[in-house]
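A.B. asks: How does the following fold in three dimensions:
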Amino acid sequence: MDDPLAHVAALDGVGTAASYARDSIDALLRQPTMRSSAASLAAESAMRGARASALLAGGDPDDLDDPHVQGALRAVAEVPELAQLWERSPLQVLARLHVLAARNLVDDGDALGRPSPTVDAARLDQLMRVATVPTAAPGVVVAAIVHGELLSMQPFGTADGVVARAAERIVLVARGVDTKAVSIPEAGHLALVRAYEPLVEAYATGTADGVGAWVRHCAEAYAHGAAEAMAERSG
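C.D. replies: Reported below is the predicted structural model:
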């Protein structure tokens with residue numbers, strides 16, 4: 001059986017970048033205080049991640065009434081619960097994320113949780129299959145591909161960035177990369193924001209160079225997000 005994500009993992013530099021990201025998150029998870037402080041660190045990660053995601057979406061992270069901030073907070077808060085459902089019902093998870101993220105951004109409540117009529121349904125279904133079947137690719141690669149595909153497809157037409165970044169978090173948890181949801185991948189993307197949109201566009205070309213560059217970028221963001229969480233723990 002073909003393993004398309006394994007092909008992605010074999011692209012130039014991807015394996016090394018993924019290993020570095022995983023090592024960075026592992027170092028965070030091995031911190032002595034993690035056993036007693038994991039819950040508070042996860043809560044802090046969710047808050048900081050949601051604010052970073054909202055800023056990337058064009059919101060004002062300092063305004064807790066901003067609908068982007070509210071949506072990101074709701075979506076990230078349910079990551080641990082939704083991660084348990086991801087492997088069985090990924091489309092249901094995406095629908096739930098959109099309901100949470102876009103609640104105050106759409107006028108038509110019936111549109112919440114429903115992919116846009118213009119979305120490539122076959123591509124979305126394929127992503128859901130590929131992202132939830134066994135693969136030789138590291139979880140870091142799976143998360144990056146889910147993020148890139150959702151950003152490229154814009155399946156809902158509103159709050160797609162927040163949904164994509166929350167789904168990325170879910171995959172990192174579900175695939176055993178960040179089992180305690182304490183790293184802050186969104187903070188990593190924000191720190192590398194100058195490359196974020198250009199590399200999404202490169203990914204959307206579907207070329208090996210474009211896909212590889214995006215996955216390497218995501219791996220760097222994950223490592224940065226782990227360092228951000230480490231700094232918070234130390235502070």
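A.B. asks: which parts of the helix with the most length in the chain are buried?
C.D. replies: When the chain is parsed with DSSP state H, its longest helix is helix 208-234. For helix 208-234, burial by neighbour count (16 or more other CB atoms under 10 Å) applies to 210-230, 233. All C-beta spots, glycine's among them, are computed from the backbone N, C-alpha and C.
A.B. asks: host element of the spatially most central residue of the chain?
C.D. replies: With distances taken as CA atoms, centre = their mean, the chain has E168 as the residue nearest its mean C-alpha position (2.0 Å). Assigned by DSSP states H and E, E168 belongs to helix 160-174.
A.B. asks: Packing partners of the helix or strand just after that helix?
C.D. replies: The helix or strand immediately downstream of helix 160-174 is helix 185-191, counting by DSSP H and E. Counting contacts by 3 or more CB pairs under 8 Å, 6 or more residues apart in numbering; DSSP states H and E, helix 185-191 packs against helix 34-56, helix 160-174, helix 208-234.
A.B. asks: Could you dump those into a markdown table with mean pLDDT and distance to R123 added?
C.D. replies: Converted to a markdown table, these look like this (pLDDT from 0 to 100; distance: least, CB to CB, whole Å):
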| stretch | mean pLDDT | distance to R123 |
| --- | --- | --- |
| helix 34-56 | 92 | 23 |
| helix 160-174 | 98 | 14 |
| helix 208-234 | 92 | 15 |
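A.B. asks: closest one to L97 among those helices?
C.D. replies: helix 160-174 (4.7 Å; CB to CB).
A.B. asks: For that closest one, what is the distance to the chain centroid?
C.D. replies: Offset of helix 160-174 from its chain centre (CA atoms, centre = their mean, to the nearest Å): 3 Å.
A.B. asks: need the contact list for D160.
C.D. replies: By CB atoms under 8 Å, 6 or more residues apart in numbering, the contact list for D160 reads L150, L151, M153, Q154.
A.B. asks: any idea how far it lies from L151?
C.D. replies: Per CB to CB, to the nearest Å, D160 is found 7 Å from L151.
A.B. asks: got the buried residues for stretch 56-76?
C.D. replies: For stretch 56-76, using 16+ other CB under 10 Å, the buried residues are 56-57, 59, 61, 66-76.
A.B. asks: and of the residues you listed, the nearest to R96?
C.D. replies: For the buried residues of stretch 56-76, the nearest to R96 is A75 (8.6 Å; CB to CB).
A.B. asks: ok, that closest one touching V163?
C.D. replies: Yes: contact criterion CB atoms under 8 Å: A75 and V163 qualify, at 7.0 Å.
A.B. asks: Contacts for stretch 64-72 next, please.
C.D. replies: Contacts for stretch 64-72 (CB under 8 Å, 6+ apart): 49-51, 53-54, 57-61, 63, 100-105, 159, 162, 165-166.
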